[in-house]
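**Q** pasting the sequence and the predicted model now:
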Amino acid sequence: MLAARVIQEQGVHVEGINFFTGFCVEGHTHAIRRRDVDKQKRNNALWVAEQLGIKLHIVDVIEEYKDVVLNPKHGYGQHLNPCLDCKIFMVNKAAAWAWAEENGFDFIITGEVIGQRPKSQRRETMPIVARESGADDRLLRPLCAKNLPETLPEREGWVDRSRLYDFHGRNRKPQIELAKQFGFTEYSQPAGGCCFLTDANYSKKLADLWRSRGSRDYELDDIMLLKVGRHLRPRPHFKVIVGREEGENHYLSGYKHQFVTLNTTSHPGPTALVDGENLDASDLTLAARIVARYSQGRDAPEVTVEAGYPGGDAMTLKIAPLASPELDPAWHV
Amino acid sequence: MSELIELDARRLLCPMPVIRTQDRIRTLNTGDRLVVHCTDPGVLHDIPAWCRINGHDVLETRTEGRDITITIEVR
């Protein structure tokens, strides 16, 4: 937001590009959850574009992004976050879009600041992003440009280097001060994560998914489901995803054509999906007992659970809810 | 002659309904109307915001239970 405004202030026409990888954390990803229904649901990129008065192009990169997540040349950060490869990928995509004849842009800007992030925003990584993305000296970082060699837009006089900045490090005070100067009273929280891959619990679930399938791959539905419900893996070949409240139950029920779906019918309770193959009767019974444990019949001697199959068949199970000592804490993914 | 086009974005979470809307509108002509069917309440904010910054008009927003319908006129 700041970088864009710095360049707009120099009379340059700016448009925004926002990439959707499937791992993005947005306010309304939480809209699935009923209890969060009153929280503000807005797409931050759209909101920023509106504040700046610029067009925004949102690009679905879900398929192409898989290679970044699965084979990061520069490795992962603390979790499964391939931050440096991600940045190279996005600048490369932005450049390809910007240089296209129908768009006709001259250079790319990002809001990067040297030293702001431990993995991808270091002095050593700045030239790597520029070089490996192919943007080279058409990549300008207005907020820290004075700490970096001159770029083409500066040399050509398209922007005035003296009106760019020399921010560095993790301290956000200069950015907050600049935001004040521009009259921005609302902006995204400093250091607020915008990617689920930087989240320890999410990364653990993704690693479990790969391990259980014996291959490092995913589809959009896989990574969306990792954001929803309790995930328990009582056996290596299947896991149970249990809705935590009404909104999640509703969301999970949308997958009834892809997974075995469990619902308690004798007592109010959650909707759950069974994710696995070659499920036998004992697996289904165990899954149903887990689901019953999270229902209002958890202390009842018997709970009725209906199992719906993707083809439309259904089966009724009468089972005893799993007792507390029977639920191995290690099952929680 | 303007057209009325329907887009099914139900069960998609934002920003996918916005992306589908954006990509569909790129193929339409000025004056065409696009009716987008959604279920993520996030679209109530995002699709009008996208329309505002790109200059299209939201003619109507209807919510019935979990179903949301947004009618857009392409500008």
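**A** On my side now, so go ahead.

**Q** identify the residue spatially nearest to A:Met315, adjacent ones excluded.
**A** Using CB to CB, 6 or more residues apart in numbering or on different chains and skipping residues adjacent in sequence, the residue nearest A:Met315 is A:Ala307, 4.7 Å away. C-beta here means a position set from N, CA and C on the backbone, and glycine is covered the same way.

**Q** swap that for A:His237, sorry
**A** With CB to CB, 6+ apart as the criterion, A:His237 has its nearest non-adjacent residue at 5.1 Å, and that residue is A:Gly276.

**Q** against A:Leu70, how distant is the one you found?
**A** When CB to CB, to the nearest Å is applied, the distance between A:Gly276 and A:Leu70 equals 22 Å.

**Q** between those two, tell me which one has more neighbours.
**A** For the pair A:Gly276 and A:Leu70, the greater number of neighbours falls to A:Gly276 (19 against 14), based on other CB atoms under 10 Å in any protein chain shown.

**Q** residues in contact with the more buried one?
**A** A:212, A:235, A:237-239, A:283 (CB atoms under 8 Å, 6 or more residues apart in numbering or on different chains).

**Q** please apply the same query to B:Arg66.
**A** With contact taken as CB under 8 Å, 6+ apart, B:Arg66 is in contact with A:250, B:39.

**Q** can you get me a residue count around residue 43?
**A** Just so you know, I chose chain A. 26.

**Q** should've been chain B
**A** Neighbourhood size, B:Val43 [other CB under 10 Å]: 31.

**Q** skipping its backbone neighbours, what lies nearest it in space?
**A** Using CB to CB, 6+ apart, the nearest residue to B:Val43 is B:Pro17, at 4.9 Å.

**Q** the helix or strand harbouring A:Met224 - what's its average pLDDT?
**A** Secondary structure here is read from DSSP states H and E; on that basis A:Met224 sits in helix A:220-225. Averaging pLDDT along helix A:220-225 gives 92.

**Q** buried stuff in that helix?
**A** Burial within helix A:220-225, assessed by neighbour count using 16 or more other CB atoms under 10 Å in any protein chain shown, is assigned to A:220, A:222-225.

**Q** phi, psi of the residue nearest to B:Asp67 when sequence neighbours are not counted?
**A** Sequence neighbours aside, B:Thr39 is the residue nearest to B:Asp67 in space, at 6.4 Å (criterion: CB to CB, 6+ apart). Reported as degrees, to the nearest 10, the phi and psi values for B:Thr39 are phi -130, psi -20.

**Q** count of neighbours near B:Thr39?
**A** Using other CB under 10 Å as the criterion, B:Thr39 is surrounded by 18 other residues.

**Q** show me the contacts for it.
**A** For B:Thr39, the set of contacting residues under the criterion of CB under 8 Å, 6+ apart consists of B:10-12, B:66-68.

**Q** in the stretch 201-333 of chain A, what residue lies closest to chain B?
**A** With distances taken as CB to the nearest CB, the stretch 201-333 of chain A approaches chain B most closely at A:Gly254, which sits 5.2 Å away.

**Q** host element of the closest residue to that residue other than its chain neighbours?
**A** Beyond its immediate neighbours in the sequence, the residue positioned closest to A:Gly254 (CB to CB, 6+ apart) is B:Arg11, lying 5.2 Å away. Per DSSP H and E: B:Arg11 is located in neither a helix nor a strand.

**Q** so which bits of the stretch 151-300 of chain A are right by chain B?
**A** The interface of the stretch 151-300 of chain A toward chain B, taken as CB under 8 Å from any CB of the partner chain, is made up of A:224, A:250, A:254.

**Q** I'd say the last one and B:Asp40 touch.
**A** This means A:Gly254. No. Contact status for A:Gly254 versus B:Asp40: not in contact, 11.2 Å apart, counting by CB atoms under 8 Å.
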